[in-house]
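Enquirer: Pasted the sequence and its predicted model underneath.
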Amino acid sequence: MRRSPWATLTVLALAQFIVVLDVTIVNVALPDIQSDLGFSTDGLQWVISVYTLVFGGFLLLGGRAADLLGARRIFVIGLILFGATSLAGGLAGSPGLLITARAVQGLGGAMLSPAALSILTMTFEHGKRRNIAMGIWGGLAGLGGTLGVVVGGMLVDSFSWRWVFIVNVPIVIALVIVTPLFVRHFAPKAGNRSFDLPGALLGTGGLLALVYGVVRAEPVGWSSAEVIGCLVAGVAMLAGFIAVEARAKAPLVPLRLVGSRSVSTASGALALNGAAFLSMFFLTVIFLQQVRGATALRAGLEFLPMGGAAIIAAVAAAPLVTRFGTRPVQAAGAVVGLVGLVVLAGADADGSYTSRLLPALILYGVGISVVAFTAQIAAVAKVTHGEAGAASGVVTAFNQVGGALGLAIVSTLSTSRTTSAIAAGSSRSDALVSGFHRGILISAAFMVAAIVVTAVSPRLAVTQEQLAEAAAAA
């Protein structure tokens with residue numbers, strides 16, 4: 001049966017679209033989720049961070065499973081898991097059930113996303129057609145992140161927060177039905193390769209333990225046995241992860257690649273960029289709704305210029321990278337993002353959106369987009385063609401994990417400031433503003449660290465051909 005490669009691209013891009021959409025669509029629903037299910041302030045961030053942690057922690061394992069078991073099979077399994085847990089999240093009646101659904105939903109995303117990318121690279125031959133397909137793939141993914149806040153706001157205001165999860169279900173059902181019709185089956189790759197499940201479990205488990213320890217530090221104290229035990233267990237599991245990866249014949253994270261200066265600095269920059277972004281997004285959504293009184297839809301619309309600026313900046317960065325190299329462009333992006341956060345840290349309950357929030361969001365959208373685009377290019381531009389996919393997977397996982405860890409730190413310290421302000425007699429609104437300011441400034445500190453990492457990264461000269469290949473791999 002002859003299948004159109006462009007029909008295949010449509011199916012795969014729609015699947016990736018909902019995975020990316022789900023990262024941002026949930027944010028604007030957080031205040032409603034908190035009030036309806038009774039989330040504590042420090043517990044609310046798990047709705048976001050558990051998804052990104054599991055997604056990032058199992059992303060490389062999902063790619064390995066697609067290679068060994070067949071990409072289309074893993075793609076469909078991932079879709080079904082993602083759709084079923086979206087429904088479970090929409091029907092959840094307690095914080096524990098919602099967080100569990102989000103964790104398994106992240107696992108579904110970690111299966112379908114790399115499988116879809118694998119099918120895409122096998123469907124389109126290397127060259128111009130693949131680059132066009134990858135451009136459409138990346139563009140739709142970026143659009144999903146931008147539209148998520150608006151779609152989420154519309155669903156929350158028109159129906160309820162539950163629909164930000166349930167909306168995925170009919171899309172997933174349709175994709176599962178049409179996948180056998182439009183997506184070819186590719187035979188699994190031959191060779192004696194392992195899944196490296198111990199590596200995935202140790203890495204993800206260690207990160208979850210660290211995040212849990214940081215989150216619990218605010219209510220029970222950093223010196224408590226619970227917090228110390230979680231942090232020690234997390235470090236021990238991550239040490240075990242490194243030991244497993246060093247001995248594995250087919251490691252999930254090739255330590256040789258991570259030892260490369262271009263890959264390691266790109267990974268560090270993306271982890272810090274992700275930490276700043278996820279923290280800023282989480283805090284600002286709550287600030288707009290609980291302090292400034294915006295509806296969910298209005299909050300989504302107020303974020304829209306940031307998404308538009310990010311898309312334009314990514315397109316504009318490409319010729320700058322070929323002209324000036326990766327390091328100066330990435331450094332400029334980090335500085336612009338830092339300025340945006342500093343401006344945002346001055347926002348208050350009554351100030352004008354146009355004069356304070358809008359410039360900050362546009363500057364920040366430009367900055368994080370340039371850093372993300374350039375770091376992805378730097379990570380894969382100088383590795384061999386056969387290792388480009390592995391390098392891209394590593395830096396993407398760092399970005400997701402950095403976001404979750406950063407959110408845990410910022411949310412904990414922001415909540416601590418808010419709690420202290422209320423105890424000192426401040427109004428709830430003033431206390432939330434104080435916590436918001438601290439959190440945004442900590443996010444700005446992540447961007448300062450990203451500038452430092454960028455300063456020690458190699459300055460890579462990238463040709464147009466290399467840029468196209470690197471963008472396809474990324």
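Expert: Sure thing, it's come through.
Enquirer: For the most centrally placed residue in the chain, which non-adjacent residue is spatially closest?
Expert: Centroid check for the chain by Cα atoms, centre = their mean gives residue 400 as the closest residue, at 4.4 Å. If the residues on either side of it in the chain are set aside, residue 400 comes closest to residue 56, at 2.7 Å by Cβ to Cβ, 6 or more residues apart in numbering. C-beta coordinates here come from the backbone N, C-alpha and C atoms, glycine included.
Enquirer: That neighbour: neighbour count?
Expert: Using other Cβ atoms under 10 Å, residue 56 has 27 other residues around it.
Enquirer: List the contacts of it.
Expert: 110, 396-401, 403-404 (Cβ atoms under 8 Å, 6 or more residues apart in numbering).
Enquirer: Just give me the longest helix of the chain.
Expert: Ranked by number of residues, the top helix in the chain under DSSP state H is helix 388-423.
Enquirer: what's the spacing between the helix or strand harbouring the residue nearest to residue 400 and its chain's center?
Expert: Here residue 56 sits within helix 46-69, counting by DSSP states H and E. Taking Cα atoms, centre = their mean, to the nearest Å, one finds the center of helix 46-69 at 11 Å from the center of the full chain.
Enquirer: Would you mind listing the buried residues in the next helix-or-strand element following that helix?
Expert: As assigned by DSSP H and E, the chain's next helix or strand after helix 46-69 is helix 71-91. Of the residues in helix 71-91, 71-90 count as buried by neighbour count, 16 or more other Cβ atoms under 10 Å.
Enquirer: Same question for stretch 240-251.
Expert: Neighbour-count burial for stretch 240-251 [16+ other Cβ under 10 Å]: 240-242, 244-245, 248, 251.
Enquirer: and if you look at stretch 222-241?
Expert: 227, 230-231, 233-234, 237-238, 240-241.
Enquirer: so where's this protein shaky on pLDDT?
Expert: 1-2, 126-128, 131, 135, 138-139, 141-142, 189-194, 383-390, 463-474 (pLDDT under 70).
Enquirer: so where do the strands sit in it?
Expert: Per DSSP state E, the chain carries no strands over any range.
Enquirer: In terms of residue numbering, what are the domains of it?
Expert: 1-185, 197-247, 254-474 (automatic domain parsing).
Enquirer: Test my guess that residue 80 contacts residue 172.
Expert: Yes: counting by Cβ atoms under 8 Å, residue 80 does reach residue 172; the two are 7.3 Å apart.
Enquirer: List the contacts of the nearest residue to residue 146 once chain neighbours are set aside.
Expert: Leaving aside its sequence neighbours, residue 146 sits nearest to residue 307 (Cβ to Cβ, 6+ apart; 2.9 Å). For residue 307, the contact set (Cβ under 8 Å, 6+ apart) comprises 142, 145-147, 149, 365.
Enquirer: again, but for residue 344
Expert: Taking Cβ under 8 Å, 6+ apart as the test, what residue 344 contacts is 280, 284, 356-357, 360-361, 364, 440.
Enquirer: Which of these fall in helices?
Expert: Among the contacts of residue 344, the members falling in helices (DSSP H) are 280, 284, 360-361, 364, 440.
Enquirer: Pick out the most distant pair among the residues you listed.
Expert: For those, the farthest-apart pair by Cβ to Cβ is 361 and 440; their separation is 11.8 Å.
Enquirer: how far away is residue 24 from residue 76?
Expert: 25 Å (Cβ to Cβ, to the nearest Å).
Enquirer: ugh, typo on my part, it should be residue 381
Expert: Distance, residue 381 to residue 76, using Cβ to Cβ: 33 Å.
Enquirer: Now the buried residues of stretch 240-251 in JSON lines, please, with extra columns for distance to residue 168.
Expert: Below are those laid out as JSON lines (distance: Cβ to Cβ, whole Å):
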{"residue": "240", "distance to residue 168": "35"}
{"residue": "241", "distance to residue 168": "31"}
{"residue": "242", "distance to residue 168": "35"}
{"residue": "244", "distance to residue 168": "34"}
{"residue": "245", "distance to residue 168": "33"}
{"residue": "248", "distance to residue 168": "34"}
{"residue": "251", "distance to residue 168": "33"}
